[in-house]
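Novice: let me see the structure of the following:
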Amino acid sequence: MKQAVLMATHVAAISLASTDYTNENGFYFFTTGGGDVKFCALNDADANAVTLTLSAQETFQIPILCRKIFKTGTNATGIYIGTGPSI
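Specialist: This next block holds a predicted model:
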């Protein structure tokens, strides 16, 4: 089982225009435009994906370390990921 990091030390915008976003080391995310985000937590299989409807955010507020955001099932805009020092 992988362990969570406690802070993001690198932030980057991602695009889901052509494919899912996956980082098997884990990441946090937020969305500046709000909407639905379908994702998997770090130690969950794709079959255990969840979809949350999020409001627009200015920083990381969901403390779930993820490994994948799905293109299909996500309509949120302005998605940013954050990775930590061990990622």
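Novice: can you map out the strands along this protein?
Specialist: 10-13, 21-41, 50-54, 66-69, 77-83 (DSSP state E).
Novice: which residue is nearest the centroid of this protein?
Specialist: Nearest to the mean C-alpha position of the chain, by C-alpha atoms, centre = their mean, lies residue 29 at 4.0 Å.
Novice: look at the closest residue in space to that one that isn't next to it in sequence and report its pLDDT.
Specialist: Ranked by C-beta to C-beta, 6 or more residues apart in numbering and with sequence neighbours excluded, the top spatial neighbour of residue 29 is residue 81, at 5.0 Å. From N, CA and C alone the C-beta is placed, and that goes for glycine too. On pLDDT, residue 81 comes in at 97.
Novice: same check, this time on residue 30
Specialist: In this model, residue 30 carries a pLDDT of 96.
Novice: same deal with residue 7?
Specialist: So residue 7 comes in at 80 (pLDDT).
Novice: what about it, distance to residue 59?
Specialist: 12 Å (C-beta to C-beta, to the nearest Å).
Novice: one more: residue 50?
Specialist: From residue 50 to residue 59 the distance is 21 Å (C-beta to C-beta).
Novice: phi, psi of the closest residue to residue 19 other than its chain neighbours?
Specialist: Spatial nearest neighbour of residue 19, excluding adjacent residues (C-beta to C-beta, 6+ apart): residue 71 at 6.1 Å. When quoted as degrees, to the nearest 10, the phi and psi of residue 71 stand at phi -60, psi -50.
Novice: and residue 71, how many neighbours?
Specialist: Counted with other C-beta atoms under 10 Å, the neighbours of residue 71 add up to 13.
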